[in-house]
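In: Predicted model and sequence below, questions to follow.
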Amino acid sequence: MKKLLSIILLFSLCSSAVWAQTRTISGTVYDATDNSPLIGASVSVKGTTKGTLTDIDGKYTLSVGANEHEIVFSYMGMHTKTERIGNRTTIDVKMEPDAKVLDDVVVTALGIKREQKSLTVAQQSVDTKTLEEVRDANIVSSLAGKVSGVQVTPPQTATGSARIVIRGNSSFLGNNQPLWVVDGIPIDNSAGDADNKNASGGGLDMGNGAADLNPSDIESMQVLKGPNAAALYGSRAANGVILVTTKKGKEGKTKVSFNSNNQWTYVSQWPDFQNVFGVGHMYQMMVENENRNFFQYFNPNDPENLGKANPALSNPNAFTNNPDDPRIGLPLMTEMMKVAQGSRSNGSPMIGQKYVGLDGKIHEYSPNPYNVKDFYQTAHSSTNNVSIEGGNANNSFHVSYTNTQANDIVQNMNLVKKNSINARFFSTLYQKKENLCSNGGHCSRFFFALNLFRCGRAAGHGPDCRHE
């Protein structure tokens with residue numbers, strides 16, 4: 001009997017301990033504007049993965065532990081709210097609308113800020129954070145798949161020009177690319193190759209003007225589609241406008257940022273090459289010896305050769321005066337290439353036979369299966385950026401420096417060493433009275449922005465600097 005009572009008492013204590021460790025919180029989530037229940041509001045325990053959603057009546061039920069003291073309520077378009085549990089078992093919440101979420105403000109033509117819902121033209125914003133996550137050597141390539149109606153053709157080389165078209169081509173012969181406007185200043189986004197008469201680099205494709213933009217310096221980017229959206233920029237904007245606003249210094253402590261990006265490019269697929277037969281009928285490479293197919297010995301002391309020109313002097317790669325020359329009797333390069341040998345139109349088989357090359361030296365006629373692959377290399381592109389910003393209520397600054405170094409899969413082609421500097425300074429020169437300024441009075445403000453783009457050197461060419 002005593003054992004039975006002990007067991008019952010033990011189970012009672014365990015049940016009491018479990019009940020004390022967890023408890024159930026319930027309640028209803030309302031919209032503060034009209035007191036209507038919010039369906040699908042998220043209710044979670046702060047710092048954990050425990051959570052639930054409100055039902056059709058806005059009600060919820062959630063189990064919390066003894067060491068969990070706060071519940072977080074969130075809903076799209078509403079301010080997130082945190083409630084302390086305390087000794088309560090019922091918690092009802094009224095959530096306030098978030099005006100910032102409901103009324104998005106975008107930058108339109110000429111830097112005018114307007115609410116997005118008030119626009120009557122096609123305009124789309126680009127999330128600038130995605131441009132920094134996976135960087136591309138050319139910011140134009142980074143826009144692929146991020147804006148509807150925009151078609152991007154990536155560059156053929158790591159440092160080449162990328163092409164962007166909004167809503168398809170509008171001209172057969174003219175320019176179809178949109179106008180780029182950075183901080184209210186149009187920039188030249190022409191392709192930097194030989195097809196552009198204004199391009200620099202002596203025929204090398206060193207990228208278009210937009211490639212000089214650093215994603216870390218961009219605060220916002222808007223795409224104005226079509227002539228209606230970009231009418232304020234004139235005929236040059238007939239194909240649309242890409243509006244870029246760079247960052248400016250913010251009030252507070254001085255902030256220094258650094259980021260680095262490295263990319264490697266290589267040829268991943270190769271065609272199948274045959275390595276059995278040599279080159280074809282090419283013996284005309286040595287026209288003067290097309291009828292002499294083997295390396296020969298010429299004896300100038302032979303009576304039959306008296307009065308004849310010494311061919312060993314005029315063509316030492318096919319004749320010799322040395323009777324002990326090991327090349328005597330070996331076929332010339334022209335013979336190895338002839339169709340007549342074995343009646344093979346692709347040249348003779350490459351089985352390691354010796355021959356005299358065009359340089360007059362003995363070689364083995366053997367295949368080189370890596371001759372094409374060895375011609376190419378792994379291209380490397382490196383971009384490093386450092387920026388510093390800061391200021392106070394009257395003065396602010398933002399300065400960034402970007403260094404870009406890149407090469408191509410073909411050695412010594414499209415070598416780029418580029419340095420870009422972006423600087424923006426804001427300063428309030430004077431103000432009459434602070435209370436007048438805050439109440440609509442006139443305050444003069446001084447703005448100075450400096451953008452220095454592209455200053456580098458291409459392989460085999462002089463300095464290439466472009467000021468935008």
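Out: Received it, and whenever you're ready, just let me know what you need.

In: ok, now which ones touch the residue lying closest to residue 311 once chain neighbours are set aside?
Out: Of all residues not flanking residue 311 in the chain, residue 319 sits nearest, at 4.2 Å (Cβ to Cβ, 6 or more residues apart in numbering). (Glycine included, C-beta is placed from N, CA and C.) Listed by Cβ atoms under 8 Å, 6 or more residues apart in numbering, the contact set of residue 319 reads 295, 296, 297, 298, 311, 312.

In: Going through the residues you listed, which ones are buried?
Out: 295, 296, 298, 311, 312 (16 or more other Cβ atoms under 10 Å).

In: Mind pulling the model confidence for the fourth one?
Out: With respect to pLDDT, residue 311 scores 87.

In: for the second one, same thing?
Out: Note for residue 296: predicted pLDDT of 85.

In: ok, back up a step: which among the contacts of residue 319 gets closest to residue 85?
Out: residue 295 (99.4 Å; Cβ to Cβ).

In: next one: phi and psi at that closest one?
Out: phi -70, psi 130 (degrees, to the nearest 10).

In: Just to check, it is in contact with residue 316?
Out: No - taking contacts as Cβ atoms under 8 Å, residue 295 lies outside contact range of residue 316: 10.3 Å.

In: worst-scoring helix or strand of the chain, pLDDT-wise?
Out: None of the helices or strands of the chain scores lower by mean pLDDT, DSSP states H and E than strand 455-457, at a mean of 40.

In: Break down the stretch 1-150 of the chain into its helices, ranges please.
Out: 2-21, 99-102, 128-133 (DSSP state H, counting those that start in this stretch).

In: if you average pLDDT over the shortest one, what comes out?
Out: What that stands for is helix 99-102. The average pLDDT within helix 99-102 is 52.

In: Likewise for the first one?
Out: Helix 2-21 comes out with an average pLDDT of 51.

In: thinking residue 62 is in contact with residue 26, fair?
Out: Yes - the pair residue 62 / residue 26 is scored as a contact, 7.4 Å apart, by Cβ under 8 Å.

In: So those two - more neighbours on which side?
Out: Between residue 62 and residue 26, counted using other Cβ atoms under 10 Å, the more crowded position is residue 62 (19 against 13).

In: could I have stretch 146-165 exported to PDB, CA atoms only?
Out: What follows is stretch 146-165, C-alpha atoms only, in PDB (Å, rounded to 0.1, in the frame of the first residue of the first chain):
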ATOM      1  CA  LYS A 146      16.300  41.600 -62.500                       C
ATOM      2  CA  VAL A 147      14.100  43.900 -64.600                       C
ATOM      3  CA  SER A 148      11.100  42.900 -66.700                       C
ATOM      4  CA  GLY A 149      11.400  43.800 -70.400                       C
ATOM      5  CA  VAL A 150      15.200  44.200 -70.300                       C
ATOM      6  CA  GLN A 151      17.500  42.100 -72.500                       C
ATOM      7  CA  VAL A 152      21.100  42.000 -71.600                       C
ATOM      8  CA  THR A 153      23.900  40.600 -73.800                       C
ATOM      9  CA  PRO A 154      27.000  39.800 -71.700                       C
ATOM     10  CA  PRO A 155      30.400  40.700 -73.000                       C
ATOM     11  CA  GLN A 156      32.500  38.200 -74.900                       C
ATOM     12  CA  THR A 157      35.500  38.900 -72.700                       C
ATOM     13  CA  ALA A 158      35.900  39.400 -69.000                       C
ATOM     14  CA  THR A 159      36.500  43.200 -69.500                       C
ATOM     15  CA  GLY A 160      34.400  43.800 -72.600                       C
ATOM     16  CA  SER A 161      31.300  45.800 -73.300                       C
ATOM     17  CA  ALA A 162      27.800  44.500 -72.400                       C
ATOM     18  CA  ARG A 163      24.700  45.500 -74.300                       C
ATOM     19  CA  ILE A 164      21.300  46.300 -72.800                       C
ATOM     20  CA  VAL A 165      18.000  46.900 -74.600                       C
END
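
In: Below-threshold pLDDT in the stretch 201-350 of the chain: ranges please.
Out: For the stretch 201-350 of the chain, applying pLDDT under 70 flags the ranges 201-206, 229-230, 280-292, 334-347.

In: What count of nearby residues applies to the closest residue to residue 414 other than its chain neighbours?
Out: Leaving aside its sequence neighbours, residue 414 sits nearest to residue 408 (Cβ to Cβ, 6+ apart; 4.1 Å). By the other Cβ under 10 Å criterion, the neighbourhood of residue 408 contains 24 residues.

In: Residue 408 falls within a helix, correct?
Out: No - judged by DSSP: H, G, I helix; E, B strand; the rest coil, residue 408 forms no part of a helix; its state is coil.

In: picking up where we left off before, select from the buried ones among the contacts of residue 319 every entry located in helices.
Out: When DSSP state H defines the helices, the subset of these inside them is 311, 312.
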